[in-house]
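Student: 3D, please:
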Amino acid sequence: MFGLALVGFMAAGKSTLGAPLAQALGLGFVDLDEAIVQDMGTTIPELFARDGEAHFREVEARVLRQVLALGPVVLACGGGVLDTPGNLQALQSWGKTVFVEVDLETSMARMGADPSRPLSTDPKLSARFDRRQADYRQADLRVDGTLEHTALVKLIQEHPWS
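Tutor: Presented below is the predicted three-dimensional model:
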């Protein structure tokens, strides 16, 4: 069995999909943001405010590699995990990637004014969204993040992985 990484923009539904998908596949589930919080002993907004996004991305890359060393799990990645050079290749070497795709309007509606998402109020959110699409589209499978989770689990479970 291989690991499965869920990638996509903020509020695409990766974390909510991850647990039921892991259960259906008989794998453990790791939310990368939660792993970062455990590792650093602080919240992500506090980490962003104290040290900035560049430091957060360094921590994210380090914790990502720690999680990948665990072996096959379902991994819900943060929306910007692919911003760091080498992370996509690390994920692809480790397992399969699934792009949970939503449009920007859906993402923004789901996020609202969530203070736990430090980039949700970024004035350049649209440009960030557009810039990340090319990386997300390199995933092994692309699914519609607006579908019900049961449908998504079934779709991913039944995908003929090569």
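
Student: List the contacts of the residue lying farthest from the centre of the chain.
Tutor: Distance to the chain centre peaks in the chain at residue 50, reaching 22.6 Å (criterion: CA atoms, centre = their mean). Contact analysis of residue 50 by CB atoms under 8 Å, 6 or more residues apart in numbering lists residue 42. Any C-beta I mention is one placed from the backbone N, CA and C, and that applies to glycine too.

Student: Would you tell me what the next helix or strand after the top strand by length along the chain is?
Tutor: When the chain is parsed with DSSP state E, its longest strand is strand 95-101. Next helix or strand after strand 95-101 toward the C-terminus (DSSP states H and E): helix 104-111.

Student: which strands and helices sit next to that next one?
Tutor: Helices and strands touching helix 104-111, as assessed by 3 or more CB pairs under 8 Å, 6 or more residues apart in numbering; DSSP states H and E, comprise helix 125-136.

Student: Which positions within the helix it packs on qualify as buried?
Tutor: Of all the residues in helix 125-136, those buried under the rule 16 or more other CB atoms under 10 Å are 125, 128, 129, 132, 135, 136.

Student: Nearest to residue 55, out of those residues: which one, please.
Tutor: residue 128 (17.8 Å; CB to CB).

Student: which intervals of the protein have sub-threshold pLDDT?
Tutor: Within the chain, the stretches with pLDDT under 70 are 113-120, 162.

Student: Where do the helices of it begin and end?
Tutor: With DSSP state H, the ranges of helices along the chain come out as 14-25, 32-40, 44-68, 87-94, 104-111, 125-136, 149-157.

Student: just to revisit the earlier point, which residues sit against the longest strand of the chain?
Tutor: With CB under 8 Å, 6+ apart, strand 95-101 has contacts from 2-8, 12-14, 17, 72, 88, 91, 136-145, 152, 156, 161.
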